[in-house]
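Novice: kindly generate the corresponding structure for this input.
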Amino acid sequence: MDRNDPLRRRTIALVGLMGVGKSSVGRRLANALDLPFRDADAEVEAAAGRSISDIFADLGELAFREGERRVVARLLDQPPHVLATGGGAFMNDQTRELIKSQAISVWLKADLEVLARRVSRKDTRPLLAGKDPIDVLKEQAAARYPIYGQADVIVETGDAAHYVTVDQVMQAITAFLETHAQ
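Specialist: Below you'll find the predicted structure:
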């Protein structure tokens, strides 16, 4: 891929609810664009030396969000890459402003029933502990969708294969870049 391709000039930050595919789509998008991939959750775990579940259990969500903000800020200072953010990262005013000023933000959006099915496959999500996934997702959607709507690009992913979503994201970013001078 051409190093001067407009899709490769800025970091692409994926935002959205848990289970929407930020990490799995992000890896494939990074590969398609020949860019590095960064997963904010994995970077938070590495920085803290413990799992997100442990951070939530031992320190609480506020401590996690502060660490997440610092990690995202550090990642955005790096050369262009594809960044999968945690589902709540874009909710933080400072993190959102950093992403909006230093990256192209892409909201991956899917039907809540699809997301509930996906997130029910693993029990590693602290915000779901002991709760019905669809109830949690509905609550998060009500709170987060107005904020996610501030993303530069919105891609309705449906239940499509990841490569289809990658193509949709690349087309949506290209259209965004054509209408917004860099």
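Novice: only C-alpha atoms for contact and neighbour calcs from this point on.
Specialist: Noted.
Novice: now the helix-or-strand element of the chain with minimal mean pLDDT, how far from the chain's geometric center?
Specialist: When the helices and strands of the chain are scored by mean pLDDT, DSSP states H and E, helix 112-119 comes last with a mean of 86. For helix 112-119, the separation from the chain centroid amounts to 16 Å (computed by Cα atoms, centre = their mean, to the nearest Å).
Novice: just the C-alphas of that helix, formatted as PDB.
Specialist: The C-alpha trace of helix 112-119 is given here as PDB (Å, rounded to 0.1, in the frame of the first residue of the first chain):
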ATOM      1  CA  LEU A 112     -27.800  -4.800  20.200                       C
ATOM      2  CA  GLU A 113     -29.100  -8.400  19.800                       C
ATOM      3  CA  VAL A 114     -26.000  -9.200  17.700                       C
ATOM      4  CA  LEU A 115     -23.800  -7.600  20.400                       C
ATOM      5  CA  ALA A 116     -25.500  -9.400  23.200                       C
ATOM      6  CA  ARG A 117     -24.900 -12.700  21.400                       C
ATOM      7  CA  ARG A 118     -21.200 -11.900  20.900                       C
ATOM      8  CA  VAL A 119     -20.500 -10.700  24.400                       C
END
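Novice: list the buried residues for it?
Specialist: 112, 115, 116, 119 (16 or more other Cα atoms under 10 Å).
Novice: now swap in stretch 87-105 and tell me
Specialist: 87-91, 95-96, 98-100, 102-105.
Novice: okay if I get those residues as CSV plus pLDDT, distance to residue 173 and secondary structure?
Specialist: Formatted as CSV, these follow (pLDDT from 0 to 100; distance: Cα to Cα, whole Å; DSSP: H, G, I helix; E, B strand; the rest coil):
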residue, pLDDT, distance to residue 173, secondary structure
87, 88, 20, coil
88, 90, 22, coil
89, 93, 21, helix
90, 96, 18, helix
91, 94, 22, helix
95, 93, 21, helix
96, 95, 18, helix
98, 94, 18, helix
99, 96, 15, helix
100, 95, 14, helix
102, 95, 15, helix
103, 97, 11, strand
104, 97, 8, strand
105, 98, 9, strand
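Novice: adding distance to residue 70, write the residues you listed out as JSON lines.
Specialist: Formatted as JSON lines, the buried residues of stretch 87-105 follow (distance: Cα to Cα, whole Å):
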{"residue": "87", "distance to residue 70": "16"}
{"residue": "88", "distance to residue 70": "14"}
{"residue": "89", "distance to residue 70": "11"}
{"residue": "90", "distance to residue 70": "13"}
{"residue": "91", "distance to residue 70": "14"}
{"residue": "95", "distance to residue 70": "8"}
{"residue": "96", "distance to residue 70": "12"}
{"residue": "98", "distance to residue 70": "11"}
{"residue": "99", "distance to residue 70": "12"}
{"residue": "100", "distance to residue 70": "16"}
{"residue": "102", "distance to residue 70": "14"}
{"residue": "103", "distance to residue 70": "16"}
{"residue": "104", "distance to residue 70": "19"}
{"residue": "105", "distance to residue 70": "18"}
